[in-house]
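A.B. asks: predicted model, plus sequence, below.
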Amino acid sequence: MSREPTATHRIGHVSDSHFTASGLLHGRVPVTETFAAALGGLEASGVPLDAVIHTGDVADEGEADAYLAARNAIDAAVARTGWRVLTVPGNHDDRVAMRDHLLGLAPSDEPIDAVVDVAGLRVVLLDTSIPRHVEGGLDDDQLDRLREVLREPAEHGSLLALHHPPVPVEVTGLQRLHLTGQDRLAAAIKGTDVRAVLGGHLHYATTSVFAGIPVFVAPATAYTIALRGPGGGVAGLDGGRAVGVLTCYDDGRVGYSLLPAGGEQILTTTPDAAFDGMGVDVER
């Protein structure tokens, strides 16, 4: 009987919190609360996380107070859990304000890229935002740096995190928001040690394969977008929020699981040793 692979790393994945200075998005969505519920869902799961990655659109309009609210929410979670939280910008973010008020860096409008070692897993944070544009892209300097970073394999491989995911966009109305120059990114990462790509932006969960690498997209913590038939319009939903957990295994595989982002009632729990695989009895 073959053994189950052993997890070497688990990475939490949240996206598209759309913080505002007022705490409300479009005057009705309590984004501070929905983000706290998303982090609470990760925490309540008890899954041991090596890091949490936020794949962009931290703020909705790039306001200083919105980033301060995000920082307060993240700091509160870190104080309880000890998580390491990593962030990339999205098309709604302002690089200068994000650096200053969220990341504690010197203000600059240069791309916010970074390479972080997480217990031997190399996490490459790529800024695909293009100021004042909804679509994403990477410039020549970013791609050159990416190729240089990936030239030598890391101990446990690499993980890419970006806002605009290189996936086919199923919702017709969102297709103009895609990542441009995908062929150039594919050429930069194909055949490297990149094990997975994490993205956001679309506000719905989806997966794909890009340059032979799995891509996982987390739905937004602010509001989600419904999958509809071609030409069916874009419908925002107050529901369906979720967070992801990427698991890297010692046999080279990865897995990705979605967890509800708070507000769910546990019907019953069964200890592993007592679960017979036939079903779960609901406590009444």
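C.D. replies: Received, thanks.
A.B. asks: so where is the stretch 1-150 of the chain shaky, pLDDT-wise?
C.D. replies: 1 (pLDDT under 70).
A.B. asks: that one: helices as residue ranges?
C.D. replies: Ranges of helices in the stretch 1-150 of the chain, per DSSP state H, counting those that start in this stretch, are 31-45, 64-81, 95-98, 140-149.
A.B. asks: output those helices as JSON lines; include the columns distance to Thr128 and mean neighbour count.
C.D. replies: C-beta here means a position set from N, CA and C on the backbone, and glycine is covered the same way. Below are the helices of the stretch 1-150 of the chain laid out as JSON lines (distance: least, C-beta to C-beta, whole Å; neighbours: other C-beta atoms under 10 Å):
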{"stretch": "helix 31-45", "distance to Thr128": "21", "mean neighbour count": "21"}
{"stretch": "helix 64-81", "distance to Thr128": "19", "mean neighbour count": "17"}
{"stretch": "helix 95-98", "distance to Thr128": "12", "mean neighbour count": "21"}
{"stretch": "helix 140-149", "distance to Thr128": "9", "mean neighbour count": "14"}
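A.B. asks: now these in JSON lines, with distance to Gly252?
C.D. replies: Shown next, in JSON lines, are the helices of the stretch 1-150 of the chain (distance: least, C-beta to C-beta, whole Å):
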{"stretch": "helix 31-45", "distance to Gly252": "25"}
{"stretch": "helix 64-81", "distance to Gly252": "28"}
{"stretch": "helix 95-98", "distance to Gly252": "34"}
{"stretch": "helix 140-149", "distance to Gly252": "20"}
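A.B. asks: quick one: residues in contact with stretch 19-33.
C.D. replies: Residues outside stretch 19-33 that contact it (C-beta atoms under 8 Å, 6 or more residues apart in numbering): 17-18, 35, 58-61, 63-67, 69-70, 73, 221-223, 238.
A.B. asks: so which of the helices of the stretch 1-150 of the chain gets nearest Glu4?
C.D. replies: helix 31-45 (19.0 Å; C-beta to C-beta).
A.B. asks: now Ala222: phi and psi?
C.D. replies: Torsion angles at Ala222 (phi, psi; degrees, to the nearest 10) stand at phi -80, psi -60.
A.B. asks: how much space separates the closest residue to it other than its chain neighbours from Phe216?
C.D. replies: In space, and not counting its chain neighbours, Ala222 is closest to His18: 3.9 Å by C-beta to C-beta, 6 or more residues apart in numbering. Distance of His18 to Phe216, given as C-beta to C-beta, to the nearest Å: 20 Å.
A.B. asks: kindly report the same for Ala261.
C.D. replies: Separation of Ala261 from Phe216 (C-beta to C-beta): 16 Å.
A.B. asks: surely Met98 touches Glu110?
C.D. replies: No. Using C-beta atoms under 8 Å, Met98 is not in contact with Glu110; the gap is 11.7 Å.
A.B. asks: hang on, Gly56 packs against His163?
C.D. replies: Yes. Using C-beta under 8 Å, Gly56 is in contact with His163, at 3.2 Å.
A.B. asks: which residues touch stretch 95-113?
C.D. replies: Contacts for stretch 95-113 (C-beta under 8 Å, 6+ apart): 58-59, 62-64, 67-68, 70-71, 87-89, 124-127, 129, 131, 139, 142, 145.
A.B. asks: now do 7 Å
C.D. replies: The contact list for stretch 95-113 (C-beta atoms under 7 Å, 6 or more residues apart in numbering) reads 58, 62, 64, 67-68, 70-71, 87-89, 125-127, 131, 142, 145.
A.B. asks: among the residues you listed, give me the pair with the biggest separation.
C.D. replies: Largest separation among the contacts of stretch 95-113 by C-beta to C-beta: Leu68 and Arg145, giving 29.8 Å.
A.B. asks: what segments of the stretch 101-250 of the chain are strands?
C.D. replies: Ranges of strands in the stretch 101-250 of the chain, per DSSP state E, counting those that start in this stretch, are 114-118, 121-125, 158-161, 194-199, 206-210, 213-217, 224-225, 236-237, 242-249.
A.B. asks: got the ones you listed as JSON lines, with mean neighbour count and distance to Gly104 columns?
C.D. replies: Output for the strands of the stretch 101-250 of the chain, formatted as JSON lines (neighbours: other C-beta atoms under 10 Å; distance: least, C-beta to C-beta, whole Å):
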{"stretch": "strand 114-118", "mean neighbour count": "15", "distance to Gly104": "13"}
{"stretch": "strand 121-125", "mean neighbour count": "22", "distance to Gly104": "15"}
{"stretch": "strand 158-161", "mean neighbour count": "26", "distance to Gly104": "19"}
{"stretch": "strand 194-199", "mean neighbour count": "25", "distance to Gly104": "23"}
{"stretch": "strand 206-210", "mean neighbour count": "15", "distance to Gly104": "32"}
{"stretch": "strand 213-217", "mean neighbour count": "21", "distance to Gly104": "28"}
{"stretch": "strand 224-225", "mean neighbour count": "20", "distance to Gly104": "31"}
{"stretch": "strand 236-237", "mean neighbour count": "14", "distance to Gly104": "32"}
{"stretch": "strand 242-249", "mean neighbour count": "22", "distance to Gly104": "24"}
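A.B. asks: perfect, I'm done here.
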